[in-house]
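>>> predicted model and sequence below, questions to follow.
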Amino acid sequence: MEIPYNVYNIYDFHFVENQHIIDMFDVKKVQSKAGGLYDVLNGLFIDFSLRPAPYSELPLAFSHLYRSQSIFKGKNVIYLADRYYGSAEIISHLECIDYHYIIRGKSNF
């Protein structure tokens, strides 16, 4: 997700150094990692996070699950996720908290 360009956002959301970006003055746009837990039946986000671009999506997913657990206590939940969320750790956690899940896999999965 692209963040408005300014020095504060470059500092807060970091940047990836490569052959074209040596320091913060080479940054042309600020990127972030956005993730959320979305209720498809009611059309609203239950939990949402915005983190620096290098942040991994799996810790975001775990944090959404932990923070929203009290909301769904005692309810039937189906966790829908994209292909990169099919880690053994997430599946194990979903089973521990009695959530059903559908995770899209790769074509050769």
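Great, that's in hand.

>>> ramachandran angles for the spatially closest residue to Glu2 that is not a sequence neighbour?
Distances taken as Cβ to Cβ, 6 or more residues apart in numbering put Lys29 closest to Glu2, at 5.7 Å, once the chain neighbours are dropped. Bear in mind the C-beta positions are built from the backbone N, C-alpha and C, glycine included. Main-chain torsions, Lys29, degrees, to the nearest 10: phi -150, psi 150.

>>> do the same with Ala53
Torsion angles, degrees, to the nearest 10, at Ala53: phi -50, psi -40.

>>> count of neighbours near it?
When neighbours are counted by other Cβ atoms under 10 Å, Ala53 registers 15.

>>> ok, it touching Lys29?
No. In this structure, Ala53 is not within contact of Lys29 by Cβ atoms under 8 Å, at 10.4 Å.

>>> which residues in the protein form strands?
Ranges of strands in the chain, per DSSP state E, are 2-3, 30-39, 44-52, 78-81, 100-103.

>>> what comes up buried for stretch 28-43?
Residues 30-33, 35, 37 are the ones in stretch 28-43 that count as buried (16 or more other Cβ atoms under 10 Å).

>>> closest one of these to Tyr5?
Minimum separation from Tyr5 among these (Cβ to Cβ) is found for Val30, which lies at 5.6 Å.

>>> please name the nearest non-neighbouring residue to the closest one.
Nearest one to Val30, counting by Cβ to Cβ, 6+ apart, is Ile3 at 4.1 Å.

>>> verify the contact between that neighbour and Arg51 for me.
No. With contacts defined as Cβ under 8 Å, Ile3 does not count as touching Arg51, sitting 11.0 Å away.

>>> bridged to the residue positioned nearest the centre of the chain, which residues?
Centroid check for the chain by Cα atoms, centre = their mean gives Gly35 as the closest residue, at 3.2 Å. With DSSP bridges as the criterion, Gly35 is bridged to Ser49.
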